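Asker: attaching a predicted model along with its sequence, questions to come.
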Amino acid sequence: MARTILWRLLYALPIAFGVSLVCFMLVYIAPGDPLQTVLPPDANAEMIEIVKRAYGFDKPLPVQFAQWLWRAAHGDFGLSVATRRPVSLEVGGALANTMVLAVFAVPLSFAVGAGLGTLAGCAPPGRLGRTLDRLVTGTAVMGVSVPNYWLGLVLVIVFAVELSWLPASGMGMGGSDGFSVLRWADLHYLVLPVVTLALVPVGIIARSTRAAVLEVRGQDFVTTLRAKGLTELAVVRHVLKNAAPGMLAVMGLQFGYLMGGSILVEPVFAWPGSGTLLGRAIVNRDVPVLQGAILSLALIFVATNLAVDLLQAAMDPRVRRA
Amino acid sequence: MTGAAPLAELDDLRVQFGAGPDAVQAVRGVSLHVMPGEVLCLLGESGSGKSVSMRALLRLLPPQARVTGGVQVEGQEVGRLSGRALRALRGGTAAMVFQEPMTALDPVYTVGQQIAESVQQHRGGTRAAARARALEVLDLVRVPDAARRLDAYPHELSGGLRQRVVIAMALACRPRLLLADEPTTALDATVQIQILVLLRGLQRELGMGMVLVTHDLGVAAEVSDRVAVMYAGQIVEQGPVRDVLRRPVHPYTRGLLASVVRADGVEAPGIPGSPPDLRRPPPGCAFAARCPAAVGACSAAVPAEQKVGPGRTARCVRVGESVAA
C-alpha cells in the first residue's frame, strides 16, 4: 500500500508541473500583449523597455517560468490588475466562499445521485421496476440537460420572488466576511445555490451509478450470491461494493467541479466564489488572477484525482496489488 | 428403485426465454428425480438445456424466463416458496457449484468472508463462529494452508483452488443436495480430475444427493450413478450409468459415445449436422434430422418416453428395435 501511495504521488508531480506551465503560458497564449494593459498607449520605446525589465519580460522564458513558479509556490501571483489586491487574497477568499457551497452540494449530490442510481439499477423486474427505472433515468437526464444557471434563475423567481421563502442572492447581511454556516439566517442564503449546483452532479452520478450497478448485477458472482441464499439487501451490498471504485471516479470528477465553483451559477446568485472571480477576471483580462485561480483549481483537481486513486486502491484488492 | 421419496424432482419442466415467435424453448418437458445419496449426471452438449433445468431447481433463472411444470426439492414446490423459505433452500438444503470459478466469486470480498457470509445467513451465530466454520470447510475441500487462504482474495488463487473455494462455500451449511454445473470444464485437465475425485469423495462422505451437469462422457462415467442424456431441451435417454454408456438405446447417445476421442488415436466421427433452432423446434423427434436411423414416423410427433429396462427410459420410436439389436 505504501508503495502504491508513493507511486501515485510521483504520478501527480509531472501533472502538476504541466498544469503550472500552461498557467504560466496563459500570458502568452492570451491574445494581446500583456504589457499593453499596463502601459499607456503613447509609451515610447525607452518606457516599454523599462516596464519590460520591471516585470521581468526581458529574461528568457525558462527563467521567467522558474521565477514565476518559485513565487507561485510561495503563494505569490502578484497583484490583480483590476483591484490591485494580491492575487492570493482574491483567489483565497473566492475559493473559501465556493467551498462553503461545495461543503453542502457535495454530500447532497452524492447521496441523492448514488441513491437514485442504485434504486434504478436494482429496480425489480416487472412494471413497477420499469416505471421506477424510467422515472429515475428521466430525472437524471433532465439534471444533465437542463442548463443549471437557467434552473437557478427559475428557482430564484419561484422561491425568492414569488414565494419570498428564500433570499435571491448574496451571502447575507454580513457579506462574505461576516458569513457563518453556523448561523441559521445565513444558511438560508445557501439553499438555492447549493440546490442549483447539485443538479448536474446528481444527474451524472445517478446515471453512472445505475450503469455500474447494472453492469455488476449482470456478473456471474451475483448468481452465486443468490444461490447462497442471501437476502436481496445483502446482494445489493455486494453489488455496491463492486461498483464503488467506478462510482468513486465519477464522484471525484464532480467533487473537483463543485470545488472549482461554477462560472455560470455563482453570478446568478451573486455568490463571491471562484466562479464569479474567474468570470470577472476573464472580462477584465486580469491575467495574474486568472493564473492564480486556474492553477489553484487545477491543483484541486489533481489532488482530488490522487485521493480518488488512493481510495480506489484501498477499496479494490485487485487495484491494490497491481 | 427403493420406496424412499426423491430428494429433488422435475416434473414436465418447461422453460421459455422471451415471448412471441422468437421465444426460445430452452427446456421442453423434462422429468427427472434424484434420490438422497445418489449422483445423477445431466449429459448433453451446450444449449441442450442442462444448466437451465438445474438452475430451475433453485429458482435461479433470470426473470424473463417463463417456467412451467413441477419443481420439487424435499417435497416442497420450489415455485411456490416464500422469500424466506427460498433463501433457506438456496445454500441451505441445496447448494450449487458453478462452472467458472474465475467469475463465480465476488472479487472484492475475501474467500473467508464469502464462506462465512453463507454460514451466518443460514445458521446465524457470531462472525467468529462463521469464520471457524469457513476454515473447517476449506480444510474439508483440502485447500492447503487454509488458515492463510481464508484472508485471500479470489484473484490471488489459482483456478483449481478457486473451484475448491466454491465447493467449500456450497458445502458450508451441509446441504443435502449438491448441484454442480460443469464444475470442471473451466479447469486444466489435471486439476479436473482432482476436483472430480474430491466432489465424488465429499458426496459419499456427506451422503449428499448430487446433480452433475456435464458434456463430458468421461466425467459422467467416472462419478455418476445414473445419467440423463439431454438433447434440444428434452431428456432423450435416462438410466443407470453402466447400462446407458455400455448399451445406449437412443441414436443420439450412441453418436455421443462414438464421437469421444479414443485412446488409440482413431479419429472420432462426430455427429453430422447441428441441433435444431429452439425458437422453432421440429414437431417430431428433435434428433430426427441428424439421425442415421430416422424413419417417417420420427418427424410426425415427439416420441414418448418409453421404458426400456429397469430404471431406463428413452425417447425414440425405434426403441424396441434398438434393444433387440
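Answerer: Happy to help now that I have it.

Asker: what does the stretch 101-250 of chain B have sitting close to chain A?
Answerer: Those residues of the stretch 101-250 of chain B that sit near chain A, judged by CB under 8 Å from any CB of the partner chain, are B:103-110, B:117-118, B:121-122, B:153, B:155-156, B:166, B:169. C-beta here means a position set from N, CA and C on the backbone, and glycine is covered the same way.

Asker: now those residues: which count as buried?
Answerer: Buried members of those, scored by 16 or more other CB atoms under 10 Å in any protein chain shown, are B:103-110, B:117-118, B:121-122, B:153, B:166, B:169.

Asker: how many neighbours does residue B:168 have?
Answerer: When neighbours are defined as other CB atoms under 10 Å in any protein chain shown, residue B:168 has 28 of them.

Asker: got it, and the one 3 residues further on?
Answerer: The burial count assigned to residue B:171 is 23, neighbours taken as other CB under 10 Å.

Asker: would you mind measuring from the nearest residue to it once chain neighbours are set aside to chain A?
Answerer: Of all residues beyond its chain neighbours, the one nearest residue B:171 is residue B:137 (5.4 Å), with distances taken as CB to CB, 6 or more residues apart in numbering or on different chains. According to CB to the nearest CB, to the nearest Å, residue B:137 and chain A sit 13 Å apart.

Asker: ok, now which ones touch residue B:137?
Answerer: B:115, B:168, B:169, B:171, B:172 (CB atoms under 8 Å, 6 or more residues apart in numbering or on different chains).

Asker: residue A:308 against residue A:246, yeah?
Answerer: No. Here residue A:308 does not reach residue A:246: they are 10.8 Å apart, not a contact under CB atoms under 8 Å.

Asker: among the contacts of residue B:137, which are in helices?
Answerer: Among these, the members falling in helices are B:115, B:168, B:169, B:171 (criterion: DSSP state H).

Asker: let me know the closest of those to residue B:47.
Answerer: Set against residue B:47, the nearest of the ones in helices among the contacts of residue B:137 by CB to CB is residue B:169 (27.5 Å).

Asker: do you know how far the nearest residue to that closest one once chain neighbours are set aside is from residue B:198?
Answerer: On the basis of CB to CB, 6+ apart, the spatially nearest residue to residue B:169 that is not a chain neighbour turns out to be residue B:115, at 4.9 Å. Separation of residue B:115 from residue B:198 (CB to CB, to the nearest Å) stands at 16 Å.

Asker: quick one, which of these two is more surrounded?
Answerer: In this view residue B:115 and residue B:198 are compared by other CB under 10 Å, and residue B:115 has more residues nearby, 29 against 18.

Asker: now the contacts of residue B:137 in TSV, with pLDDT?
Answerer: What follows is these, written out as TSV (pLDDT from 0 to 100):
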residue	pLDDT
B:115	93
B:168	90
B:169	91
B:171	89
B:172	89
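
Asker: which positions in the stretch 101-250 of chain A make contact with chain B?
Answerer: Near chain B, the residues belonging to the stretch 101-250 of chain A are A:125-126, A:219-221, A:223-231, A:234, A:238, A:241-242 when assessed by CB under 8 Å from any CB.

Asker: tell me which of these fall in strands.
Answerer: With DSSP state E as the criterion, strands contain none of those.

Asker: which of those are buried?
Answerer: Among these, those scoring as buried are A:219-221, A:223-230, A:234, A:238, A:241-242 (criterion: 16+ other CB under 10 Å).

Asker: related to what we said a few turns ago, which one of the contacts of residue B:137 is nearest chain A?
Answerer: Here the nearest of these to chain A, counting by CB to the nearest CB, is residue B:169; it sits at 6.9 Å.

Asker: number of residues surrounding the nearest residue to residue B:260 once chain neighbours are set aside?
Answerer: Counting by CB to CB, 6+ apart, residue B:217 is the residue found nearest to residue B:260 once chain neighbours are left out, at 5.4 Å. Other residues near residue B:217 come to 18 when the count uses other CB under 10 Å.

Asker: where does the chain have low pLDDT?
Answerer: All of this is about chain A. Using pLDDT under 70 as the threshold, the predicted model of chain A has low-confidence ranges A:30-38, A:172-178, A:181, A:319-322.

Asker: wrong chain, I was asking about chain B
Answerer: Residues of chain B that meet the criterion pLDDT under 70 lie in B:1-3, B:261-269, B:322-325.
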